[in-house]
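> Following is a predicted model, sequence given first.
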Amino acid sequence: MRFNFRPAEYTPLSPLEKALEIIAAAGVVLSVLLLALRWSALPAAIPSHFGLSGAPDASGGKGMLAVMAAVNVVLYLLLTALSRIPRLFNYPWPVTVENARRQYQIGRTALSTMKAEFAWVLLYVEWQIIQIGLGKSQGFSFVFLPVVIFLQTVLFAYFIHLAYRER
C-alpha cells in the first residue's frame with residue numbers, strides 16, 4: 001500500500017512522547033554546551049577513531065567535535081520534522097482507517113525513542129573523546145558498542161512487536 005493512500009490522521013503526542021522529546025532535546029543541548037565549555041581546554045589533536053577494544057587508533061583536529069555536535073543538532077531537527085508526518089514511515093503491513101491512530105503513535109514513539117538514544121550516545125561519545133583528549137581517560141570500554149547495538153536491537157524488536165499486535 002502506498003503512503004499517499006494512508007489516512008492523514010492527527011495524533012497528539014502522548015506523555016511518553018513528550019518526555020522522550022525533552023530527553024532528546026536535553027542531550028542535544030548538553031552536547032553543544034559541553035563542547036562550548038571544553039573547547040579552549042582541548043588540545044589541537046584529539047582521537048578520531050577507535051579500535052574494537054575501545055582504544056584510540058587515529059587522531060584528528062578538534063574541529064571534528066564541532067562536526068559531531070552539529071550532526072547531533074541536525075539529526076535531532078530532521079527526526080523531529082519526520083515525526084510530524086508518521087504516515088510517511090515504512091510500515092510492514094497496511095495502515096487502515098481503523099489502525100492508523102495506533103500505528104502512527106507507535107511509529108512516532110519509536111522514532112522519539114531512537115532520537116533520544118542517538119542524542120545521548122553522541123553526547124557520551126563527545127564527552128569520552130574530550131576526556132581522552134584531556135588525558136583523563138584511555139578510551140571507551142570494550143562493551144560500549146555491543147551495549148549500544150543490543151539496546152537498539154531490543155528497542156526495534158519491541159516497537160515492531162507493538163505495531164504487529166496493533167495491526
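The structure has been received and is ready for your questions.

> how about the helices in the protein?
Using DSSP state H, the helices of the chain run over 15-38, 63-83, 100-133, 144-165.

> Figure out which of these is closest to Gly54.
helix 144-165 (6.2 Å; Cβ to Cβ). Every residue, glycine included, has its C-beta placed from N, CA and C.

> Can you give me the buried ones in that closest one?
Phe144, Phe159, Leu162, Ala163 (16 or more other Cβ atoms under 10 Å).

> and it, what other elements does it pack with?
Applying 3 or more Cβ pairs under 8 Å, 6 or more residues apart in numbering; DSSP states H and E, one finds that helix 144-165 contacts helix 100-133.

> Tell me the buried residues in the helix it packs on?
Those would be 100-123, 125-130, 132-133, for helix 100-133 by 16+ other Cβ under 10 Å.

> what does stretch 71-89 give?
Buried residues in stretch 71-89 (16+ other Cβ under 10 Å): Asn72, Leu75, Tyr76, Leu79, Ser83, Pro86, Arg87, Phe89.

> List the contacts of the residue most central in space within the chain.
The structure's the chain has its C-alpha centroid closest to Phe118; by Cα atoms, centre = their mean the separation is 1.9 Å. Phe118 sits next to Ala24, Asn72, Leu75, Tyr76, Leu79 when contact means Cβ atoms under 8 Å, 6 or more residues apart in numbering.

> Likewise for Gly51?
Asp57.

> Ok, Pro56 next?
The contact partners of Pro56, by Cβ under 8 Å, 6+ apart, come to Pro47, Ser48, His49, Phe50, Ile132, Gly139.

> can you do 6 Å?
Pro47, Phe50, Gly139 (Cβ atoms under 6 Å, 6 or more residues apart in numbering).

> which one of those has the most neighbours?
In terms of neighbours by other Cβ atoms under 10 Å, the contacts of Pro56 top out with Pro47 at 21 neighbours.

> Please name the nearest non-neighbouring residue to that one.
Distances taken as Cβ to Cβ, 6 or more residues apart in numbering place Pro56 nearest to Pro47, at 3.4 Å, with adjacent residues excluded.

> Can you add pLDDT and distance to Leu65 and give the buried residues of helix 144-165 back as a markdown table?
Formatted as a markdown table, the buried residues of helix 144-165 follow (pLDDT from 0 to 100; distance: Cβ to Cβ, whole Å):
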| residue | pLDDT | distance to Leu65 |
| --- | --- | --- |
| Phe144 | 93 | 18 |
| Phe159 | 96 | 31 |
| Leu162 | 95 | 36 |
| Ala163 | 94 | 37 |
